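*Asks:* Sequence plus predicted model, see below.
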There are 2 protein chains.
Amino acid sequence: MTERQRPIGIFDSGIGGLTVLKEIFDRLPAENTIYLGDTARVPYGIRSPETVTRYSFENTRFLSSKDVKILVIACNTASSVSLDAVRRSFPVPVVGVIEPGAKAAAAATKRKKIGVIGTEATVRSSSYSRAIQAIDPAIEVFGIPCPLFVPLVEEGWTDGQITEMVAERYLADMRQKDIDTLVLGCTHYPLLKHVLSKVMGDGVTLIDSAIETAHAISTILAAQGLTNIPGQLVRHEFYVTDSPQKFLSVGERFLGRAIENIEKIQLEMEV
Amino acid sequence: MTERQRPIGIFDSGIGGLTVLKEIFDRLPAENTIYLGDTARVPYGIRSPETVTRYSFENTRFLSSKDVKILVIACNTASSVSLDAVRRSFPVPVVGVIEPGAKAAAAATKRKKIGVIGTEATVRSSSYSRAIQAIDPAIEVFGIPCPLFVPLVEEGWTDGQITEMVAERYLADMRQKDIDTLVLGCTHYPLLKHVLSKVMGDGVTLIDSAIETAHAISTILAAQGLTNIPGQLVRHEFYVTDSPQKFLSVGERFLGRAIENIEKIQLEMEV
């Protein structure tokens, strides 16, 4: 295997990161990929930063053992709390979902008012605010945690009256803030785009971190001369830490295509 | 410490089992208790039976090390899939939440039609059907998984239009089945009693497994001469496997009183 052929490694706490993988498939169709969903320990959004960091290291060690050329932390919670530590400890480039989303949001806002929605852990970590204000300190950032969005998406209720009412309730305060840009700070949320844009109205630009992250990966691979040559057979592998059943049934909806080459693994735990 | 003074050990995947602990406090105020919430690995309801059984053994070993006189699996998922295995492997009496709920439901139904709501894992396991039909094979049992109820309760949305609409959607089929008894097959659901009885109507008796389980514990302790003598100082200990912060904020609502003596522990993992 040449340097260029080495796979892109992606991990998430579960299935959410498949929205990032989908964008990688669309934008980088020549790349081999390895996806790890830590389904035995999902969700990360309710756990402490120390616990999430420990999980990120275990996931990263697994993907490193597969000789990935770039590592994608396709989970907002894990990106928020563990990206720096993972970057310091592993030799390959590491991309999280926060920085690409923050960059796109900072570029999009005209009134310099950005909203961020995500899990409790992501919003509490203020990582989007920090990343956005590192670009432009004059931008105001408003964060709201929306814990019910993930279970709604996983239940398949991505449209309809109940989901709209939940979104209206969560976003009521946000609508008073005069924002013109809203960051979907959780990899499940792209599936709620329709409802979210209906509730927020045409005047608010939705930033999909999955798309922005795929752009960032493309840029880094190109800069390092690691973009794979098209025309070869491409392989996509999936690993999960609990039974693949639910991952498959819900995941194929996220990915928009069939999932093959899936295997349940046991991670090596830190003690 | 005398035999009678030894604590009651209770574990759950997280905070749900506190509804059982609350009923133990009410009915057995002289008992010492130790509660373990496996918050680092919550929720169990989406995990495979093998994974949940492994977690149950790890939790049980921890409580055994604390010399409990009776073990309560205050989690419907863990009771469904691991009660028998835990009973075979540990010497103290083990009580789950399924059998007490099933018994009370079988006693309550007049039309011999019972509904059961719970997590996907609990409903898919058919453990309530089996337990109810072991008592009376003529009883029909209808199960519906309601995955959004737990996040709604944890969000504190236990009342109001959204929760009623979710309940109406989940229970629409159930209302066609002519049931007269509904088992709340998840320890979070007692907090939704108001909404559930509104949606199901006065003709349907709600069975609260937490109350029935506390009755069962009381019966077993009495039969074994292990009921503690009143009038002594009582101690309630709490252990969690992730940071106590969320457990405390949400848990005190479940328990209806302050939580003290809480400690984060690391469970000894099986390899």
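*Replies:* That came through, no problem. Residues are numbered from 1 along each chain as shown, chains lettered A, B, ... in the order given.
*Asks:* residues in contact with A:Ile15?
*Replies:* By Cβ atoms under 8 Å, 6 or more residues apart in numbering or on different chains, the contact set of A:Ile15 is A:37, A:39, A:154, A:247, A:250-251, A:254. In this view, the C-beta of every residue, glycine as well, is placed from N, C-alpha and C.
*Asks:* what mean pLDDT would you report for the strand or helix carrying A:Ala78?
*Replies:* If you go by DSSP states H and E, A:Ala78 is part of helix A:76-89. Averaging pLDDT along helix A:76-89 yields 94.
*Asks:* low-scoring stretches of chain A, by residue?
*Replies:* A:270-271 (pLDDT under 70).
*Asks:* 90 instead, please
*Replies:* A:1, A:40-51, A:119-122, A:124-125, A:242-243, A:245-246, A:249, A:267-271 (pLDDT under 90).
*Asks:* can you pull out the strands in it?
*Replies:* A:8-12, A:33-37, A:70-73, A:94-96, A:113-118, A:140-145, A:181-184, A:205-208, A:236-240, A:262-264 (DSSP state E).
*Asks:* Identify whichever of the ones you listed lies nearest to chain B.
*Replies:* Shortest separation from chain B across those is recorded for strand A:262-264, at 8.7 Å, computed as Cβ to the nearest Cβ.
*Asks:* Now the residue in the stretch 151-271 of chain A that chain B sits nearest to: closest residue in space, sequence neighbours ignored.
*Replies:* Closest to chain B within the stretch 151-271 of chain A is A:Ser243: 3.7 Å, counting by Cβ to the nearest Cβ. Computed as Cβ to Cβ, 6 or more residues apart in numbering or on different chains, the closest residue to A:Ser243 that is not its neighbour in sequence is B:Ser48, at 3.7 Å.
*Asks:* Run through the residues that contact the one you found.
*Replies:* Applying Cβ under 8 Å, 6+ apart, the residues near B:Ser48 are A:242-243, A:245.
*Asks:* Now do the residue lying closest to A:Gly156 once chain neighbours are set aside against B:Lys198, distance only.
*Replies:* Of all residues not flanking A:Gly156 in the chain, A:Arg253 sits nearest, at 7.1 Å (Cβ to Cβ, 6+ apart). Applying Cβ to Cβ, to the nearest Å, the value for A:Arg253 to B:Lys198 is 32 Å.
*Asks:* What's the separation between A:Arg61 and A:Gly16?
*Replies:* 21 Å.
*Asks:* oh, I was asking about A:Gln266
*Replies:* Taken as Cβ to Cβ, the span from A:Gln266 to A:Gly16 is 22 Å.
*Asks:* between these two, who's got more neighbours?
*Replies:* More crowded of A:Gln266 and A:Gly16, by other Cβ atoms under 10 Å in any protein chain shown: A:Gly16, with 31 against 9.
*Asks:* The more buried one and A:Leu267, how far apart?
*Replies:* A:Gly16 is 18 Å from A:Leu267, by Cβ to Cβ.
*Asks:* same question, A:Glu99
*Replies:* Distance from A:Glu99 to A:Leu267, by Cβ to Cβ: 26 Å.
*Asks:* My guess is the residue of the stretch 151-271 of chain A closest to chain B contacts A:Lys264. True?
*Replies:* Yes. Using Cβ atoms under 8 Å, A:Ser243 makes contact with A:Lys264 at a distance of 6.4 Å.
*Asks:* Those residues of chain A touching chain B, which are they?
*Replies:* Residues of chain A lying close to chain B by Cβ under 8 Å from any Cβ of the partner chain are A:39-42, A:46-48, A:50-51, A:147-148, A:150-152, A:154-155, A:157, A:161-162, A:165-166, A:169, A:242-243, A:245-246, A:269.
*Asks:* hmm, which of those residues are the buried ones?
*Replies:* Neighbour-count burial (16 or more other Cβ atoms under 10 Å in any protein chain shown) is assigned, among the residues of chain A next to chain B, to A:39-42, A:46-48, A:51, A:147-148, A:150-152, A:154-155, A:157, A:162, A:165-166, A:169, A:242-243, A:246.
*Asks:* what are the ranges of the helices in the stretch 51-200 of chain A?
*Replies:* A:76-89, A:98-108, A:120-125, A:127-135, A:149-154, A:161-175, A:193-200 (DSSP state H, counting those that start in this stretch).
*Asks:* Hmm, A:Glu155 is touching B:Leu148, no?
*Replies:* Yes. Using Cβ under 8 Å, A:Glu155 makes contact with B:Leu148 at a distance of 6.0 Å.
*Asks:* How about the contacts made by A:Leu144?
*Replies:* I think there's a mix-up here, since residue A:144 is Ile and not Leu. A:115-117, A:123, A:170-171, A:173-174.
*Asks:* Same list (those) but as CSV, adding distance to A:Leu71.
*Replies:* Listed next are the contacts of A:Ile144 as CSV, based on distance: Cβ to Cβ, whole Å:
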residue, distance to A:Leu71
A:Gly115, 29
A:Val116, 24
A:Ile117, 26
A:Val123, 24
A:Tyr170, 32
A:Leu171, 33
A:Asp173, 36
A:Met174, 32
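*Asks:* can you list the domain ranges for chain A.
*Replies:* Domains of chain A are assigned by automatic domain parsing as A:8-96+A:211-264, A:99-209.
*Asks:* okay, how far is it across the shortest one, tip to tip?
*Replies:* For domain A:99-209, the first and last residues are 9 Å from each other (Cα to Cα, to the nearest Å).
*Asks:* Tell me how far that domain lies from the chain's centre.
*Replies:* In terms of Cα atoms, centre = their mean, to the nearest Å, the centre of domain A:99-209 is found 13 Å from the chain centre.
*Asks:* Next: the longest one.
*Replies:* Taking Cα atoms, centre = their mean, one finds the center of domain A:8-96+A:211-264 at 9 Å from the center of the full chain.
*Asks:* unless I'm mixing things up, A:Gly143 is touching A:Ile114, no?
*Replies:* No. Between A:Gly143 and A:Ile114 there is no contact under Cβ under 8 Å: 9.5 Å.
*Asks:* between these two, who's got more neighbours?
*Replies:* More crowded of A:Gly143 and A:Ile114, by other Cβ under 10 Å: A:Ile114, with 29 against 20.
*Asks:* What residues does that one make contact with?
*Replies:* A:105-106, A:132, A:139-142, A:179-183.
*Asks:* Quickly list what it is bridged to.
*Replies:* A:Val141, A:Thr181 (DSSP bridges).
*Asks:* Which one of the residues in the stretch 1-150 of chain A is closest to chain B?
*Replies:* Closest point on the stretch 1-150 of chain A to chain B, by Cβ to the nearest Cβ, is A:Ser48, at 3.6 Å.
*Asks:* Tell me how far that residue lies from B:Ala40.
*Replies:* Relative to B:Ala40, and taking Cβ to Cβ, A:Ser48 is found at 8 Å.
*Asks:* Give me the common contacts of these two.
*Replies:* In contact with both A:Ser48 and B:Ala40: B:Asp242, using Cβ under 8 Å, 6+ apart.
*Asks:* picking that back up, out of A:Glu99 and A:Leu267, which sits in the busier spot?
*Replies:* Counting neighbours by other Cβ under 10 Å for A:Glu99 and for A:Leu267 shows that A:Glu99 has the greater number, 21 against 17.
*Asks:* burial count for the closest residue in space to A:Val20 that isn't next to it in sequence?
*Replies:* Nearest residue to A:Val20, sequence neighbours excluded (Cβ to Cβ, 6+ apart): A:Ala74, at 4.0 Å. A:Ala74: 31 surrounding residues under other Cβ under 10 Å.
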